[in-house]
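Participant: Give me a 3D structure for the following:
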Amino acid sequence: MAGWKEIVKFFSPAINEILKYHFTKSKTDDAIKEETLKGLQLDNETKELDYEAKLLKALEDKIVRRHVSNYYTRINGYKKVEEVGFKNLSAGTDEIVIPRSKFKDFILVDDKTVTEDDDAEIEIISPVLKEGTFSWRGTYKEDRIDFSMGDSKFKTEVINGQHQFANGFVMNCLLQITITFDEFGDEKRRSYSVRKVYAIKENESVAYQLRPVGFKKKMNKDQRPLFDEGEN
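Facilitator: Numbers count the residues shown, from 1 in each chain. From the prediction side, this is the model:
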């Protein structure tokens, strides 16, 4: 994030007060609060470069970054705040001004990635047999997952009792996987949604039964050009 390199300049005069305020408001463990605040105390005899290095290291801490983000998120919510200024009175340096357009550089946000498995196999543990936004449960790649059923035609067939669910019921489908990462790049949660059901088998002893959408997929996959490109 672009703003973190510059945060030393921006927060050197006031970072202790900002962090003390947020730590007081939070429920962070007392030991963590004490160690973090101790590491951020200004030492008048410390060289400026040493101080900046220590501050940059401290800012790598997730808790510190979260509180700095909270500070900018808070002031960003006040539309009348057009800029924030910091000035080190003891050093007599010029005031450093951060315009509103730069606030977002310090605000941490979640990120999402969406992937698809177009040949997923899910063994059904618990289907949803009535209308509603309930989650199905099944086994996918040996992991138990909860997922939504996004194939409306198959969902209607299930509600109408057209399928018999027993041990070993498996569906071949297009599975959409959404992974949410927190502001530090760590996985926060993942969700699953079946978009199309291509084929089903009601138990392990029978073969897959292709559904219309499955036939269409198979035909598209099996289609080959009669001639190679460029052949006359």
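
Participant: avg pLDDT for the host helix or strand of Lys112?
Facilitator: Under the criterion of DSSP states H and E, Lys112 resides in strand 111-126. Mean pLDDT, computed over strand 111-126, is 92.

Participant: Packing partners of it?
Facilitator: On a contact count with 3 or more Cβ pairs under 8 Å, 6 or more residues apart in numbering; DSSP states H and E, strand 111-126 meets strand 136-140, strand 143-149, strand 170-181, strand 187-201. Placement of C-beta: from N, CA and C, glycine included.

Participant: Tell me which residues of the top helix by length along the chain come out buried.
Facilitator: For the chain, the longest helix by residue count, based on DSSP state H, is helix 62-76. Neighbour counts using 16 or more other Cβ atoms under 10 Å place 63-72 of helix 62-76 among the buried residues.

Participant: where does this protein have low pLDDT?
Facilitator: Per-residue confidence of the chain (counting by pLDDT under 70) places the weak regions at 1-63, 86-93, 183, 223-232.

Participant: That one - how does it break down into domains?
Facilitator: Following automatic domain parsing, one gets these domains for the chain: 2-106, 111-222.

Participant: Just the terminal-to-terminal distance for the longest one.
Facilitator: Put plainly, it is domain 111-222. End-to-end distance for domain 111-222: 37 Å, by Cα to Cα, to the nearest Å.

Participant: Check stretch 120-139 too.
Facilitator: End-to-end span of stretch 120-139 (Cα to Cα): 11 Å.

Participant: buried stuff in it?
Facilitator: Residues 120-124, 127-128, 135-136, 138 are the ones in stretch 120-139 that count as buried (16+ other Cβ under 10 Å).

Participant: Residues contacting that stretch, please?
Facilitator: For stretch 120-139, contacts defined as Cβ atoms under 8 Å, 6 or more residues apart in numbering pick out 140, 144-149, 155, 158-159, 165, 168-175, 194.

Participant: Can you mark which positions in the host helix or strand of Val158 are buried?
Facilitator: Secondary structure assignment for Val158, by DSSP H and E: helix 152-159. Using 16+ other Cβ under 10 Å as the test for burial, helix 152-159 gives 154-155, 158.

Participant: and which of these is nearest Gly77?
Facilitator: Ranked by distance to Gly77 (Cβ to Cβ), these are led by Lys155 at 41.0 Å.

Participant: circling back to that earlier point, considering the buried residues of helix 152-159, which is situated nearest to Arg100?
Facilitator: Top of the list for closeness to Arg100, among these and by Cβ to Cβ, is Lys155 at 46.9 Å.

Participant: Could you check how far the nearest residue to that closest one once chain neighbours are set aside is from Gly85?
Facilitator: Sequence neighbours aside, Met149 is the residue nearest to Lys155 in space, at 4.9 Å (criterion: Cβ to Cβ, 6 or more residues apart in numbering). With distances taken as Cβ to Cβ, to the nearest Å, Met149 is found 54 Å from Gly85.

Participant: Have a look at those two and say which one is more surrounded.
Facilitator: Comparing Met149 with Gly85 by other Cβ atoms under 10 Å, the one with more neighbours is Met149, at 20 against 11.

Participant: show me what contacts that one?
Facilitator: The contact partners of Met149, taken as Cβ under 8 Å, 6+ apart, are 128, 136, 155, 158, 193-194.
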